[in-house]
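the following comprises the amino acid sequence and a computationally predicted model.
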Amino acid sequence: MKRHSTSPSSERTKSIQIDAQAFWRLVKQCGIPNYPKGKKTESDLTDFYYHLFNFTKQGFRTRDSLTSGKKKFKNVIMTNGYSISFLFTRTVKRSLATTKDPSNFIDDIRNGYDIWGVDPGVSTILAAVDTSVRQRTTNLDEYYHLCGYNDANFIRKKHQEQYTAQFLKISKLTEDNKYHRVCKSLSRKTLFQEKFCRPLKLKFQCYIRKQKGAHEICKRLIHGSVKYIKRASAGIKTSSAENENKYCPPAPLDHPDKPRKTIIAFGDGMFNNSLRENRGAPVRLIKKALQKYYRNQLEIFMLDEYLTSQIYNRCKNRNMDNAVTEKSKRRVHTVLKCKQNTCNIVWNRDIMTRHNILDIFLFAARNNNQRLDVFMCQGATNDQPSV
């Protein structure tokens, strides 16, 4: 847990960690009664901690509750000389994808459930297509708009221009005397909150809209959204007079209809960090949100994306080349053109990838986890199921 303070770093108190060896040495020197002698185990240390401190105010009413449940005591404490903090660990489920093979979904495919092939990316967060050839696309700019980052930057810039002199004065101060001079120049607390603490509220507003934006993107694969003629969770109302966007709360019953069971063949390419000077795409965030909101109606299967963006979806041929602009003769990476005379079709990489992911998953489900030969790695065989 991070702790923030407005005081200079030289005046902040520092905490030290007390492990089992240091704690037993302190107990022996202080002469605390009921000190166990001989070799002491982790269980003895937990018993001594439980009788020495009152854990009931923290929700641990029994001794066994310290070592069982979601939170477990690590027998480590932190102290800065006048206060004590206890260190706990929390068990987290890391794996969100299903452990099934594609052949286990053959009954769901025959029953007509929704099967989606999803290609994650950088500039385009999700590019999806289902068995009914419905297409869903969400780019990065749209995600930042749903989360309210554009509105926050506009309000923050407008606020900073209003108090330019004060911001310049603070930026010139050093780290040591910044805190004292600011407190002297801004004597009234209300003035300080009006000028500097108000923009900090934008961070919490963006956090709320970030959750709603992720939910809205997930609905496009399960229920549909306002982008595809459905009701939305995150509504945006634009005011032309003030040149700023305002958030409209959703209706109480957003999607009363129960969603159908959905299976998503999710590409294993994760681009959470910046790539080629682009902003990071929150692919893992969307994947976790899908599992959170539709846990019982959704299953995600992670699929290898090898050669899915280089092989033409219809003729299953790798004989493709990048399109070239007429004037500058510059190659376009995102656009590919088939070299066969009978085909000669121009394809976008994202569109081609999501179609290939869906075809690979359906082929593996119907052919005992076998992968199409054109998408196999060199030297690999089809004896083992594709993961």
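Okay, I see it.

which of the three states applies to Phe266?
strand (DSSP: H, G, I helix; E, B strand; the rest coil).

I'd say it and Val118 touch.
Yes - Phe266 lies in contact with Val118 (Cβ atoms under 8 Å); the separation is 5.0 Å. All C-beta atoms are positioned from the backbone trio N, CA, C, and that covers glycine.

any idea how far the closest residue in space to Ala364 that isn't next to it in sequence lies from Ile300?
Leaving aside its chain neighbours, Ala364 sits nearest to Pro102 (3.7 Å; criterion: Cβ to Cβ, 6 or more residues apart in numbering). In this view, Pro102 and Ile300 are 13 Å apart by Cβ to Cβ, to the nearest Å.

what ranges do the helices span in the stretch 51-200 of the chain?
106-110, 140-147, 149-162, 164-171, 178-185, 189-192 (DSSP state H, counting those that start in this stretch).

now the closest residue to Leu298 other than its chain neighbours. Its backbone dihedrals?
Closest residue to Leu298 apart from its sequence neighbours, by Cβ to Cβ, 6+ apart: Thr262 at 5.1 Å. Backbone torsions of Thr262, given as degrees, to the nearest 10, read phi -130, psi 140.

ok so, going back, out of the helices of the stretch 51-200 of the chain, which gets the lowest mean score?
Per-stretch mean pLDDT for those is lowest at helix 189-192 (a mean of 48).

packing partners of the helix or strand following that one?
Note on helix 189-192: by DSSP states H and E, the next helix or strand toward the C-terminus is helix 201-222. Under the contact criterion of 3 or more Cβ pairs under 8 Å, 6 or more residues apart in numbering; DSSP states H and E, helix 201-222 touches strand 124-130, strand 135-139, helix 140-147, helix 149-162, strand 262-267, helix 283-293.

looking at these, which is closest to Arg331?
Arg331 lies closest to strand 124-130 among those, at 19.5 Å (Cβ to Cβ).

export that closest one as PDB, just CAs?
What follows is strand 124-130 as a C-alpha-only set of coordinates in PDB (Å, rounded to 0.1, in the frame of the first residue of the first chain):
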ATOM      1  CA  THR A 124      -7.500  -1.300 -32.200                       C
ATOM      2  CA  ILE A 125      -8.100  -2.800 -28.700                       C
ATOM      3  CA  LEU A 126     -10.600  -5.500 -29.900                       C
ATOM      4  CA  ALA A 127     -11.500  -6.600 -33.400                       C
ATOM      5  CA  ALA A 128     -14.100  -9.400 -33.200                       C
ATOM      6  CA  VAL A 129     -16.300 -11.400 -35.600                       C
ATOM      7  CA  ASP A 130     -18.800 -14.200 -34.800                       C
END
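
partners of it in the sheet?
Strand pairing for strand 124-130, using DSSP bridges, gives strand 114-120 (antiparallel), strand 135-139 (antiparallel).

point out where this structure drops to low pLDDT.
1-15, 30-38, 91-98, 166-200, 224-259, 270-279, 319, 340-344, 378-387 (pLDDT under 70).

just say which of the strands paired with strand 124-130 is most tucked in.
Scoring those by mean neighbour count under mean count of other Cβ atoms under 10 Å gives strand 114-120 as the most buried, with a mean of 24.

so what touches that one?
For strand 114-120, the surrounding residues in contact (Cβ atoms under 8 Å, 6 or more residues apart in numbering) are 105, 108-109, 126-131, 136, 221, 260-267, 269-271, 281, 283, 305, 308, 350, 353-359, 361-362.

cool, and stretch 66-77?
By Cβ under 8 Å, 6+ apart, the list of residues contacting stretch 66-77 reads 17-20, 23, 42, 45-46, 49-50, 55, 60, 84-91.

can you select the buried ones among those for me in ChimeraX?
Listed next is the ChimeraX selection for buried residues among the contacts of stretch 66-77, using 16 or more other Cβ atoms under 10 Å:
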select :18,23,45,46,49,50,55,60,86
